[in-house]
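okay, predicted coordinates and the sequence, questions at the end:
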Amino acid sequence: MNMKISGIYKISCVANGKYYYGSAVWIDRRCGAHRTFLRYNKHINPIMQSVWNKHGERSFLFELECECSLEDLLPLEQAYLDEYWGKPGCMNIAKFATGGMAGLKWTESQKLKLCNRRLSVSTKKKISKSMMGKSRLWLLGRITPESTRKKLSDALLGRKASVKSIENMKKAQRGSGNNGTHLTENNVRMIRKLYASGLHTQKSIGQKFNVGEGAIGAILCRKNWSHVK
């Protein structure tokens, strides 16, 4: 979904049928914010965060429910809350449309639970798996404060990566995991298959996949993508 419009959006989990309704002046940006907080286990809605951690990002759908004017945003969101809030599958916590979670009162026990929340090893693995292959373009242009950079530098000072860590980093940057290429492992297999048929030249194959003739040659002689069988 990529729309700079105002209206009602729906977030749903196809794995268990749970859903959430919200309103936004700019739906695409609001849904992007939801994803960011969920990916880093920082979402203010613990129900949605728990469902995300359990079923993963690929189980979530972000959809436009309806468009409306700015004046009708909150009244229309309230109509949805009146219809769905409190039902078994609804992940909305706030009962009233107040422009987000504003006005929601947290008990001391809820605050303490959120502060002390720790991820299990299995949950961390699920989050890591859901993030595989995801773009990090949202980080472009982000400026890290000098104090934060110094803390990171101090923490890494004198630290040497293990052989296993180095190997894992190499694997992460291999093939389609490298942000510098738009080819996939299946593309590479098809390139080799087309050339082996004798009906295509390296140049024609390069034009088909929008890469240079030299890149095709490197693939065919296994200088690049050698891990693809």
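Everything's here; your move.

is residue 62 in contact with residue 31, as I believe?
Yes. Counting by Cβ atoms under 8 Å, residue 62 does reach residue 31; the two are 4.4 Å apart. Placement of C-beta: from N, CA and C, glycine included.

neighbour-wise, which of those two wins?
The residue with more neighbours, out of residue 62 and residue 31, is residue 31; 22 against 17, by other Cβ atoms under 10 Å.

can you confirm the more buried one is in a helix?
Yes. In this structure, residue 31 lies within a helix as judged by DSSP: H, G, I helix; E, B strand; the rest coil.

what separation do you get for it and residue 37?
11 Å (Cβ to Cβ, to the nearest Å).

one more: residue 81?
Separation of residue 81 from residue 37 (Cβ to Cβ): 21 Å.

between those two, which one's more packed in?
Between residue 81 and residue 37, residue 81 has the larger neighbour count (other Cβ under 10 Å), namely 19 against 16.

I'd say the more buried one and residue 93 touch.
No. Contact status for residue 81 versus residue 93: not in contact, 10.5 Å apart, counting by Cβ under 8 Å.

tell me the phi and psi of residue 57?
phi -60, psi -30 (degrees, to the nearest 10).

do the same with residue 74
Phi and psi for residue 74, reported as degrees, to the nearest 10, are phi -70, psi -40.

number of nearby residues for the residue nearest to it when sequence neighbours are not counted?
Of all residues not flanking residue 74 in the chain, residue 97 sits nearest, at 4.6 Å (Cβ to Cβ, 6 or more residues apart in numbering). Number of residues near residue 97 (other Cβ under 10 Å) recorded here: 22.

ok, now how distant is residue 97 from residue 4?
Distance, residue 97 to residue 4, by Cβ to Cβ: 21 Å.

all strands for this protein, in order.
Taking DSSP state E as the criterion, the chain contains strands spanning 7-13, 19-24, 60-67.

just send those back as JSON lines, with mean pLDDT and distance to residue 184 too.
Below are those laid out as JSON lines (pLDDT from 0 to 100; distance: least, Cβ to Cβ, whole Å):
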{"stretch": "strand 7-13", "mean pLDDT": "92", "distance to residue 184": "27"}
{"stretch": "strand 19-24", "mean pLDDT": "93", "distance to residue 184": "32"}
{"stretch": "strand 60-67", "mean pLDDT": "89", "distance to residue 184": "23"}
